[in-house]
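Q: Model the following, please.
(2 chains)
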Protein chains: 2
Amino acid sequence: MPLRNIKLTIEYNGTHYHGWQTQLPKLRTIQRTIEDKLKKILNEKIALIGSGRTDAGVHALAQIANFKTASSISLTKLQYALNSLLPPDIVIKKVEEVDLGFHSRFSAKSKVYRYIILNRSYPSAFLKDRVYFYPYPLDINLMRKAAILLKGKHDFRCFQLKDKIERDSIRTIKDIRIKKRGSFIYIEIEADGFLYGMARSIVGTLIEIGKGKAIDTKRLLKMKDRSLGGPTVPASGLYLVKIKY
Amino acid sequence: MPLRNIKLTIEYNGTHYHGWQTQLPKLRTIQRTIEDKLKKILNEKIALIGSGRTDAGVHALAQIANFKTASSISLTKLQYALNSLLPPDIVIKKVEEVDLGFHSRFSAKSKVYRYIILNRSYPSAFLKDRVYFYPYPLDINLMRKAAILLKGKHDFRCFQLKDKIERDSIRTIKDIRIKKRGSFIYIEIEADGFLYGMARSIVGTLIEIGKGKAIDTKRLLKMKDRSLGGPTVPASGLYLVKIKY
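A: Now for the predicted structure:
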């Protein structure tokens, strides 16, 4: 059999996982869980390449991953077998055969993350670990004005978590939108890449601004100092929504 | 202090509970869990009256319950204290002081239940125990036609689970609606009361009809025989949506 390149679209509830991938052996990750099932189904060792990592507790509506295989299994059968074997918090939404040159990470042009805030006086009985419950008033307009200033190509060092410093911290935010639907606030960020903790640091800073704290996001970018922004919000409200190729 | 009558609007994820209420001691129920917290907050023994029972695993978006108390605690403080002490899968959405004559069960005019079916080839990573995943095609129009015949005042014995037979099985279905939104099918039933397992037996029968099985719901009502209908669907897809007074 010639080699085939298989692309998976994956939905997961990240609550009980140590993220998509981790160097630490023996920790439960999304990648390792899917690889194990692929090995069982295809009877060969599989290297699953994700579009990028998601942190512990972060969710995905459409993470993309690909792997190469010599198997001739049908795509429908593979999807069915995977969903039968995988735990219920990981679901394969789509299985496609793609060009051998396709690479989930290197071929990606941009990623979209969504952060969900439940903004009312009482929590939801269904959404613990799925949204960030924030019971105090937020001024959406102040948040929008501050968010727009982050658009474009900048050094985002000020939104990088200190414990994992990457060398090149220049990224381009292509779009950042804040929507309110009932008691829910959605903050959607599209960028060509995200530094470690960047989405959650931006959201934490925007929440401080929504509370009324005078933070100048333009100045923040220039100062390159994480301590001047707001706190990093919990991973539970964050969803990887889309990878654009 | 004169006696006050307090009405609670309660949302709960029923997955980890033996229903709203049960005669069996020591089992974890929604009612017992809330009563325990009320006792702690108000420092008096509380008898919490629900609008009716929900079975193990059934959810509620707005269950109604009331209790009498001599306490002068403010409603805002009581709501905040309850939500702080309750586990995250039970949330008090509203606390109101009502007329002393109000009784959650006896004053109820009708109840609305919603059943949610996820009808596509793959499940959802977020909705296990929250919807009924059904991957085979369903003909919504056949289901609608059969559902309409159930409207009105009938003896619903044929939709009553055998293990809990109530004497009077005459009920009035005021409305029954089937909606499709994307891959989700919502079956909403409003009735003046529900027999044990009635909503889930009706849904199970409608699913059989949607699959193409020729079941005459009019004849089913006349035959009064549970074995002629479809299976009882799992509790996990069922939500108590509204109590009308």
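
Q: Give me the contact list for the lowest-mean-pLDDT helix or strand in chain A.
A: Within chain A, no helix or strand scores below helix A:217-223, which has a mean of 88 by mean pLDDT, DSSP states H and E. With CB atoms under 8 Å, 6 or more residues apart in numbering or on different chains as the test, helix A:217-223 has contacts from A:146, A:147, A:149, A:150, A:154, A:155, A:156, A:158, A:205, A:209, A:228, A:229. Glycine gets a C-beta too; all of them are placed from N, C-alpha and C.

Q: helix/strand/coil for residue A:102?
A: Put simply, residue A:102 is coil when judged by DSSP: H, G, I helix; E, B strand; the rest coil.

Q: wait, what's in contact with it?
A: Going by CB under 8 Å, 6+ apart, the list of residues near residue A:102 reads A:5, A:7, A:66, A:245.

Q: May I have the beta-bridge partners of the second one?
A: Residue A:7 forms beta bridges with residue A:66, residue A:96, as assigned by DSSP bridges.

Q: show me the contacts for it.
A: So residue A:7 contacts A:64, A:65, A:66, A:94, A:95, A:96, A:97, A:98, A:102, A:104 (CB under 8 Å, 6+ apart).

Q: Just give me the neighbour total for the second one.
A: For residue A:65, the tally of surrounding residues (other CB atoms under 10 Å in any protein chain shown) stands at 22.

Q: Ok, the last one next?
A: Other residues near residue A:104 number 21, with proximity taken as other CB under 10 Å.

Q: Also the third one?
A: In terms of burial, residue A:66 registers 20 neighbours under the definition other CB under 10 Å.

Q: And the one 10 residues further on, by the same measure?
A: Look at residue A:76: counted by other CB under 10 Å, it has 10 neighbours.

Q: distance of it from chain B?
A: Distance, residue A:76 to chain B, using CB to the nearest CB, to the nearest Å: 9 Å.

Q: for residue A:193, same thing?
A: 25 Å.

Q: Could you find the closest non-adjacent residue to that residue?
A: Leaving out its chain neighbours, the residue that sits closest to residue A:193 by CB to CB, 6 or more residues apart in numbering or on different chains is residue A:171, at 5.2 Å.

Q: surely the one you found meets residue A:153?
A: Yes. Here residue A:171 lies in contact with residue A:153, judged by CB atoms under 8 Å, at a distance of 7.5 Å.

Q: Give me the below-cutoff pLDDT ranges for chain A.
A: Where chain A drops to pLDDT under 70, the residues are A:1, A:163-165.

Q: what does it put close to chain B?
A: Contact residues, chain A versus chain B (CB under 8 Å from any CB of the partner chain): A:11-13, A:59, A:79, A:83, A:88-93, A:121-126, A:128, A:130.

Q: The contacts of helix A:217-223 in strands, which ones?
A: Those of these mapping onto strands are A:154, A:155, per DSSP state E.

Q: ok, which pair from the contacts of helix A:217-223 is furthest apart?
A: A:155 and A:209 (20.0 Å; CB to CB).

Q: Comparing the two, which residue is more hemmed in?
A: Taking neighbours as other CB under 10 Å, residue A:155 and residue A:209 compare with residue A:209 leading, 23 against 15.

Q: who's in contact with the nearest residue in space to residue A:161 that is not next to it in sequence?
A: Leaving aside its chain neighbours, residue A:161 sits nearest to residue A:197 (3.4 Å; criterion: CB to CB, 6+ apart). Neighbouring residues of residue A:197 by CB under 8 Å, 6+ apart: A:55, A:159, A:160, A:161, A:164, A:232.

Q: how about stretch A:233-245: buried residues?
A: By neighbour count with 16 or more other CB atoms under 10 Å in any protein chain shown, stretch A:233-245 contains the buried residues A:233, A:234, A:235, A:236, A:237, A:238, A:239, A:240, A:241, A:242, A:243.

Q: Output those as TSV; include the columns secondary structure.
A: Formatted as TSV, the buried residues of stretch A:233-245 follow (three-state DSSP):
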residue	secondary structure
A:233	coil
A:234	coil
A:235	helix
A:236	helix
A:237	helix
A:238	strand
A:239	strand
A:240	strand
A:241	strand
A:242	strand
A:243	strand
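
Q: of all those, which comes closest to residue B:117?
A: residue A:239 (23.9 Å).

Q: Pretty sure that closest one sits against residue A:61.
A: Yes. Residue A:239 is in contact with residue A:61 according to CB under 8 Å; the separation is 5.6 Å.

Q: and the residue nearest to residue A:103 when sequence neighbours are not counted, what does it touch?
A: Leaving aside its chain neighbours, residue A:103 sits nearest to residue A:49 (6.5 Å; criterion: CB to CB, 6+ apart). By CB under 8 Å, 6+ apart, the contact list for residue A:49 reads A:65, A:66, A:67, A:103, A:104, A:105.

Q: which among the contacts of helix A:217-223 end up buried?
A: Buried among these (16+ other CB under 10 Å): A:146, A:147, A:150, A:154, A:156, A:158, A:205, A:209, A:229.

Q: Looking at the residues you listed, which are in helices?
A: A:146, A:147, A:205, A:209 (DSSP state H).

Q: Let's have the residues you listed in TSV, adding distance to residue A:18.
A: Below are those laid out as TSV (distance: CB to CB, whole Å):
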residue	distance to residue A:18
A:146	32
A:147	30
A:205	26
A:209	31
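
Q: so which of those residues comes closest to residue B:176?
A: residue A:147 (45.4 Å).

Q: correct me, but that closest one touches residue A:188?
A: No. Judged on CB under 8 Å, residue A:147 makes no contact with residue A:188 at a distance of 10.0 Å.

Q: Now the common contact residues for the two.
A: A:176, A:177, A:178.

Q: Between the contacts of residue A:7, which sits nearest chain B?
A: Chain B lies nearest to residue A:94 out of these, by CB to the nearest CB, at 8.5 Å.

Q: That closest one - that's part of a strand, no?
A: Yes. Judged by three-state DSSP, residue A:94 forms part of a strand.

Q: for the residue lying closest to residue A:93 once chain neighbours are set aside, helix, strand, or coil?
A: Among residues not flanking residue A:93 along the chain, residue A:9 sits closest, at 4.6 Å (CB to CB, 6+ apart). Secondary structure, three-state DSSP: residue A:9 is strand.

Q: where do the helices sit along chain A?
A: Using DSSP H, helices in chain A cover A:30-42, A:75-85, A:140-148, A:198-211, A:217-223.

Q: Understood, closing this out.
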